[in-house]
Every structure is written in structure tokens, then in C-alpha cells.
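Engineer: Requesting a structural model of the entry that follows:
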Amino acid sequence: MAKPLVSDELWAVIAPLLPARPTRPKGGRPPVEDRAALTGIIFVLKSGIPWEMLPREMGCGSGMTCWRRLRDWHKAGVWQAIHRALLDRLGQVNAIDWSRAALDSASVPGKKGGPDTGPNPTDRGKPGSKRHIVIDANGIPLAVTISAANVHDSQKLEATVDAIPAIRQCAGRPRRRPAKLHADKGYDYPRCRRALRKRAIIPRIARRGIETSERLGRHRWKVERTLAWFARFRRIVVRYERRSDIFAAFHQLAAALITFRFVQRYRCC
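Structural biologist: Numbering: from 1, shown residues only. Sure, this is the predicted structure:
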């Protein structure tokens, strides 16, 4: 028997973070349960199927119902709150390695266009978007941001690093800054190094024309692995969403699901 997409352990984390559903004084059809709607959302995220093809047999309601729940919860900040709650659990057992972090991005095609899309210079100028992620030394996604495909990686460095939330620790104040940050030659600009030093982060950025691409590979390969984990969620391999908020919501949920695997590994549930 297949494992449920929303396990009891995951639901225990998510349920307290969901907003209360409005009452219906005039009656009407009862709304789809939140756990069922979340199951439908995750199924679409993992399988990549269109919303209208969501199987009714799953008991998740219609695809449009799940889409509306995804939109409303994103507007309420639920997906970021889930990711942060899971990161807090890891931080409280000292499972996040702050000694070094890594930053990188990956482009995805977006034929339908929309906000945060642009001509992809690596795909013959076809429209696309780009996901930027920053991870800890173990590969745990600490933050993810979205931009147009023609936005240079270096221009999103500050926004992505600043997107790391203040994560609770087993002792002391919450933390949001790694000691070092590894990045490839796409970030080899003085302004990037100044921005990191301003945040008390030691830059470990490969220098163009001086260092080979392999020198920092023993640390940067983990961010490539995490990007590959994101690519397993078929709905975000290609950008099907015209709305940037829906596309960002899928990425935040994917980051939370990847983080939840580490929570299970360290038995933080």
C-alpha cells in the first residue's frame, strides 16, 4: 500500500499553521477538508498533472478547489511558515550546519510567460524563470527565491541570502547567517563580496581566470544535489503557471517537503 502524501507527522506540523475556515451561516456544501486539499496540492506538485486532471477518487475535491487553497494559503504566508517551522525543528536539535552554506540557481522554461519570466540566454532566448536556492552544509534548503531567466545570478545574491529566516537554535538566539558562503564564478563581483561581508559572512566565491571550476566542488556539489531534488517535483520542472505567486508557492512547498525529509532523518517529529 502506498504511503499517504500527507503523513500524520507532517500533518501535525502543518495543521496548527493553517488559517481557520470562515463560517457559512447560510449553510451550503461543506468545504473540502484541509488535509484532503493539501494531499491534492502535493499530488499535483509531485506528478505535474494539470489541475483539472486531479483524480476525484483521491477525495481531494476538484482541482480548482485545491488551486484556490494553494493560492489562499500562499497569501496567508502558510507555505513559508511551514518551511520555517521545519527548519526550527532542525535547528533545535543542532542539525543545521551553519559552518558553511552554498548558493546556486537553475533555469526552467516558461512558455506561457507571466511575471518573473524573461528570455533565457541558455535556451536560445525562450521565455523562462530561474530558481535561486541557498543551503546549509548538509544540503538543507534554507531559502528559495524566483526571478526571470535573464536576471543574472549575482543580482539575486542579497535577496536570496536575506530570505533565510531566523531559525531557532538548541541554545542562544535564533540564527540566520552562515559563517561562509560558497558560490561559483557567476557571483565573482566585488559587490557580491561586499554584500556578504556586510552581513558578517565570509565569501568563498570562485574567481574567474584564477581558480578552476573544480576547486570548490567538494562543497558546492551539495547545492547541485538539492537543485536536483527540486527537479523531482514535476510541476516545477517547467513553469506552467502564469501567476508568479502560484509558482513561488509550489517552490516554498517543495522546499518544505525536502526539509521534512531531514526532519525525519534526525527524528525531530
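Engineer: So, low pLDDT: which residues of this protein?
Structural biologist: 1-2, 24-28, 209-218, 268-269 (pLDDT under 70).
Engineer: In it, mark out all the strands, start to finish.
Structural biologist: 101-109, 118-119, 127-136, 141-148, 180-183, 202-205 (DSSP state E).
Engineer: Next, report how far the longest one is displaced from the centre of its chain.
Structural biologist: Averaged C-alpha coordinates place strand 127-136 at 9 Å from its chain's average position (CA atoms, centre = their mean, to the nearest Å).
Engineer: List the pairing partners of that strand within its sheet, with orientation.
Structural biologist: Strand pairing for strand 127-136, determined by DSSP bridges: strand 101-109 (antiparallel), strand 118-119 (antiparallel), strand 141-148 (antiparallel).
Engineer: which one of those lies closest to Ala228?
Structural biologist: With CB to CB, the closest approach to Ala228 among those belongs to strand 101-109: 8.9 Å. (C-beta placed from N, C-alpha, C; glycine too.)
Engineer: Quick one: list the elements packing against the biggest helix by length in the chain.
Structural biologist: For the chain, the helix with the greatest residue count under DSSP state H is helix 244-265. Judged by 3 or more CB pairs under 8 Å, 6 or more residues apart in numbering; DSSP states H and E, the packing partners of helix 244-265 are helix 8-14, helix 34-47, helix 63-75, helix 78-92, strand 127-136, strand 141-148, helix 217-231.
Engineer: switch to 6 Å and redo it
Structural biologist: Here helix 244-265 touches helix 63-75, helix 78-92, strand 141-148, going by 3 or more CB pairs under 6 Å, 6 or more residues apart in numbering; DSSP states H and E.
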